[in-house]
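>>> Requesting a structural model of the entry that follows:
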Amino acid sequence: MRLLVILPFMFLAGTTQAQTTPKHEAIGKFVDAWHKAAADANATVFFGSMADDAMYIGTDSSELWTKSEFMSFAKPYFDRGKAWDFKPLSRDVHVTSDGNFAWFSELLSTWMGTCRGSGILKKTPQGWKIEQYHLSVTVPNDIIKDFISLVKSHKPSPAK
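Residues are numbered from 1 along each chain as shown. Next up is the predicted model:
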């Protein structure tokens, strides 16, 4: 529901085109540090980069987590000292004209192959915070029919 509220506001506030400015670079560094915190199993930085009411949408249809739910899911990974290591391949960043919100999409090199991530950020007195992050597995168009068949043959996860 929060996404439906934020997105119209972003368009009302006006947007800039994706470009490289100090603000865009700062956002890229923030997101890079967030990914590095997962690779380093630094839960303090990783979860501290997320807003208290953040949502994390994973690759499975059941993975629609609040921050606290995602922390519970990820705790065993962070506790063992190795979570996941997503390396950005490319990123497209946009910022509202007032500089209070940003959104991005990125391609990532992951253990699942190339994935796409997208996120919404909010500027706070403590700096940028992730309001929502969505991770998806990319499927090449030339094998989409095989992928659809594979998914149909698997018992689907219940959606939240």
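>>> So which residues of the chain form helices?
In order along the chain, the chain carries the following helices (DSSP state H): 2-13, 22-39, 43-48, 67-79, 144-153.
>>> In a markdown table, list those helices along with mean neighbour count.
(C-beta placed from N, C-alpha, C; glycine too.) A markdown table is the format used below for those (neighbours: other Cβ atoms under 10 Å):
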| stretch | mean neighbour count |
| --- | --- |
| helix 2-13 | 12 |
| helix 22-39 | 16 |
| helix 43-48 | 16 |
| helix 67-79 | 14 |
| helix 144-153 | 10 |
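>>> Could you dump those helices into a markdown table with distance to Lys129 and mean pLDDT added?
As requested, the helices of the chain are exported to a markdown table (distance: least, Cβ to Cβ, whole Å; pLDDT from 0 to 100):
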| stretch | distance to Lys129 | mean pLDDT |
| --- | --- | --- |
| helix 2-13 | 12 | 44 |
| helix 22-39 | 9 | 95 |
| helix 43-48 | 9 | 97 |
| helix 67-79 | 10 | 97 |
| helix 144-153 | 33 | 92 |
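>>> so which of those gets nearest Val95?
helix 22-39 (5.7 Å; Cβ to Cβ).
>>> List the contacts of that closest one.
18, 42-46, 49, 83-88, 91, 93, 95, 99, 102, 104, 106, 108, 119, 121, 127-128, 130 (Cβ atoms under 8 Å, 6 or more residues apart in numbering).
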